[in-house]
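Student: coords please:
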Amino acid sequence: MHLTRRRIGLGLMTSTLLATSPALADNPVVDPQATTVSDVIVTASGTGVDVRDAPASVSVITREDIERQPVQNIGQLLSRLPGVSGGLSGTGEMSKIKLRGLPDNYTLILVDGRRLGSSRDLAYRPDLGRQDLSWISPDMIERIEVVRGPMSSLYGSDAMGGVINIITRKIAPTWRGSFSANYTMPQDGDRGDVYQFAVNATGPLAENLGARIGVSYSRQNPDEVALGGRYEDTGSSGITDKSVNTALNWALLPGQTLSFEGTYGLQETVNQPALTGSTSARAAWGASELERTALRLSHEGEWGFGSTKVDLYRNHFVWDMAEGASENTETILDAILNATPHLIWDHKLTIGGQYRDEEIINTDTIGTVPVDYEGNPIDTSGKLSGDTMAIYAEDQITLRENLLLTLGARVDSHDKYGEHFTPRAYLVWHPSESWTVRGGIAQGFRAPTLKESSPGAATQSGGNGCNGLRPMGYSSGGCWMTGNPDLKPEESTNYEIGVAYDRDQWKFGVTYFHTDFENKIEYLPLGFFQNRWWTKRENIQEARTRGLEAIAQAPLRDNLTWNASLTWMIEAKNLVTGAQLITTPEWAGFSSLDWQATDRIGLFLSAQYTGEQLGGGTAITEGYTMFDLTGRFDVSESVTFRAGITNLFEKEINSSEGYNYYQPGRRIFIGVTSRF
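Tutor: Predicted structure coming up:
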């Protein structure tokens, strides 16, 4: 009865808001620290604003950045941004992108503002899977916007650490397209080559009907080196990525557009061949095959009072294993109303609602024990489901011509953890034309996943997962790591303040952030029940992250530009245990020289510094710097050649205590793009 009232109440509230409130302009937001040539972005706010007015810390990876060299993993580009760590390895935990010292599952990944979905809970352990950053072909991407810091007031759960929004290229009014091919050859012949191909075309099918199609294929061949190491192998299995993306836009009437999009992606492991001295082939991400299908229907309307956008979409993942298949399905309905009313001040107002239904089937980790730790029978179907409803509002108020205040709040209602209120407030001040001072307070939350909140979702461990039970008498034989139906959402409060200068291609910005966390979810020892040893998810831990982020840009000459970013992670610690939250460097930086030698020739030299890596409180790698050199030659307006060397000086990463992880050596690449 309570659940029915909750759904009806939120549904009526959402319907009333969408029917009676002024709408918000579907515009984007950016920060003076954003590394983009565009003046407007769409991720950091409910409305679109100029980059200098963005109520958040935002960075942008442009189309030019993506085209400079073959992008085998978007994480390679993201790791160059301030406040971002990870992306250091082709596979494994070191490959995953983390924002401001938080694990990868605290970052929400969007495509054109819509949730990409997640394959994380389909693996036996969440850390075994690849991060969901490789489903969109790089050739389909127009730019990538990264918002650092909690964005739960707009996006709800999973945006506790920030948001990565992959924005695809739009349908063109006239027919055009491109073909690209890249080949990457490791200098070490025992490492695998990489091949990439993509074709994209877009244009009108009829007077009011436009279409887009993109097809891509990439293959990373497996390494042919002996396996070894305590946690990671010195070699890596290969992987193929295949994707097809189609979209249709139909202009029903002036100001009224209906669109449909369908996406299919397939990732397959290419196993490493058996070698002398090798005991097993290492899978790059756990499963032999992972499939994603996405369908979307959308309507955008322009009205006298503002604009509306309604999205209905479905994401479906299938993870094939030797023992069977796991599936994750989510269906989402989004509705947004945008308006720019003038009351006492000018406003950019957003009001929206969302309904999300999720289902997981995983017979490998759900329903694998006959009873839970309390002796209750377990549903052995391997299926879990849940739904969330939410309403939210955000208003950017122009208090003065040079002073903007953004206020936002969201209420999420989940059928398991109930209601959760998430507010934020952000102030942007321009004391002069070139200077910007910004700061704000935002709360974030991460709801327990379906597996974390289910006592029937139990993973068996025979190693480190059982160590906490030893004081209770555990010695050997393994234990079960299980969920908890009484978990509360993790909560955070983030404070940040920054200053930026931007004039005549000279840019500088620095931001300090401090985030406190409560109800942190971790496995804790439970004891010996029902003839089994158990650990259980619990809300008892607090954590804190603090740091500084800085960017700089300077025109050294008319055709030579210097860019740099720096991150100082002052603290990323579990306050109860004193342990590091993640494996992250204290210092990290990126610097580049971009030289436009002639109208047709450009060179790009970059250096990326990664400081000492910490894991379990001890150093696992020394600090190191990687250099890349890339070049571009425009043969004509329609043909561009690329070539370059990554890891120019073949830097080897040394790790201690057996924490070996895969890092490619020097690689040479060539590529071509033909536009038609």
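Student: pLDDT weak spots in the stretch 1-150 of the chain?
Tutor: By pLDDT under 70, the weakly predicted segments of the stretch 1-150 of the chain are 1-39, 72, 88-94, 127-129.
Student: make it 90
Tutor: For the stretch 1-150 of the chain, applying pLDDT under 90 flags the ranges 1-54, 63-80, 84-98, 100-106, 117-140.
Student: For it, just list every one of the strands.
Tutor: Applying DSSP state E, counting those that start in this stretch to the stretch 1-150 of the chain gives strands spanning 40-41, 49-50, 57-61, 84-85, 98-99, 107-111, 114-115, 141-148.
Student: And the stretch 501-650 of the chain, by the same measure?
Tutor: Using DSSP E, counting those that start in this stretch, strands in the stretch 501-650 of the chain cover 506-529, 532-557, 560-574, 587-595, 601-610, 613-615, 618-621, 624-634, 639-646.
Student: circling back: put together CSV for the strands of the stretch 1-150 of the chain, with distance to Leu560 and mean neighbour count on each row.
Tutor: Every residue, glycine included, has its C-beta placed from N, CA and C. As requested, those are arranged in CSV below (distance: least, C-beta to C-beta, whole Å; neighbours: other C-beta atoms under 10 Å):
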stretch, distance to Leu560, mean neighbour count
strand 40-41, 27, 22
strand 49-50, 27, 20
strand 57-61, 21, 26
strand 84-85, 26, 26
strand 98-99, 31, 27
strand 107-111, 34, 24
strand 114-115, 39, 19
strand 141-148, 24, 24
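Student: Next, format those as TSV and append distance to Tyr373.
Tutor: Shown next, in TSV, are these (distance: least, C-beta to C-beta, whole Å):
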stretch	distance to Tyr373
strand 40-41	47
strand 49-50	51
strand 57-61	42
strand 84-85	36
strand 98-99	31
strand 107-111	31
strand 114-115	33
strand 141-148	38
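Student: closest one to Asp158 among the ones you listed?
Tutor: strand 107-111 (4.3 Å; C-beta to C-beta).
Student: strands paired with the closest one, and their directions?
Tutor: strand 114-115 (antiparallel), strand 162-168 (parallel) (DSSP bridges).
Student: wait, which of the ones you listed is closest to Ser381?
Tutor: Closest to Ser381 of these is strand 114-115 (C-beta to C-beta; 25.5 Å).
Student: Specify the beta-bridge partners of Arg115.
Tutor: Beta-bridge partners of Arg115, as defined by DSSP bridges: Leu110.
Student: That one and Glu330 touch, don't they?
Tutor: Yes - with contact defined as C-beta atoms under 8 Å, Arg115 reaches Glu330; the gap is 7.2 Å.
Student: which residues are common contacts for these two?
Tutor: The contact sets of Arg115 and Glu330 overlap at 315, 356 (C-beta atoms under 8 Å, 6 or more residues apart in numbering).
Student: ok, back up a step: out of the strands of the stretch 1-150 of the chain, flag the one nearest Asp320.
Tutor: Nearest to Asp320 among the strands of the stretch 1-150 of the chain is strand 107-111 (22.2 Å), distances taken as C-beta to C-beta.
Student: Could I get the CA-only coordinates of the closest one as CSV?
Tutor: The C-alpha trace of strand 107-111 is given here as CSV (Å, rounded to 0.1, in the frame of the first residue of the first chain):
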residue,chain,number,x,y,z
THR,A,107,30.9,8.1,-11.8
LEU,A,108,27.8,8.2,-14.0
ILE,A,109,28.4,7.6,-17.7
LEU,A,110,25.9,9.2,-20.2
VAL,A,111,25.6,9.3,-23.9
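Student: What residue, apart from its backbone neighbours, is nearest Gly177 spatially?
Tutor: Closest residue in space to Gly177, ignoring its immediate chain neighbours: Ala201 at 3.5 Å, by C-beta to C-beta, 6 or more residues apart in numbering.
Student: The one you found is in what secondary structure piece?
Tutor: Assigned by DSSP states H and E, Ala201 falls within strand 194-206.
Student: Packing partners of that strand?
Tutor: Judged by 3 or more C-beta pairs under 8 Å, 6 or more residues apart in numbering; DSSP states H and E, the packing partners of strand 194-206 are strand 176-186, strand 209-220.
Student: which one of those has the most crowded surroundings?
Tutor: strand 209-220 (a mean of 19; mean count of other C-beta atoms under 10 Å).
Student: Which strands border that strand, and is each parallel or antiparallel?
Tutor: Looking at strand 209-220 with DSSP bridges, its partner strands are strand 194-206 (antiparallel), strand 238-253 (antiparallel).
Student: tell me which residues of stretch 427-434 are tucked away?
Tutor: 427-430 (16 or more other C-beta atoms under 10 Å).
Student: circling back to that earlier point, wait, which of the strands of the stretch 501-650 of the chain is closest to Met151?
Tutor: Among the strands of the stretch 501-650 of the chain, strand 506-529 comes nearest to Met151, with 12.7 Å by C-beta to C-beta.
Student: Which among the strands of the stretch 1-150 of the chain is found nearest to Thr184?
Tutor: With distances scored as C-beta to C-beta, the stretch of those nearest to Thr184 is strand 141-148 (18.8 Å).
Student: List the contacts of that closest one.
Tutor: 28, 30, 36, 38, 41-44, 56-63, 66, 74, 77-78, 81-84, 99-100, 161-170, 513, 549.
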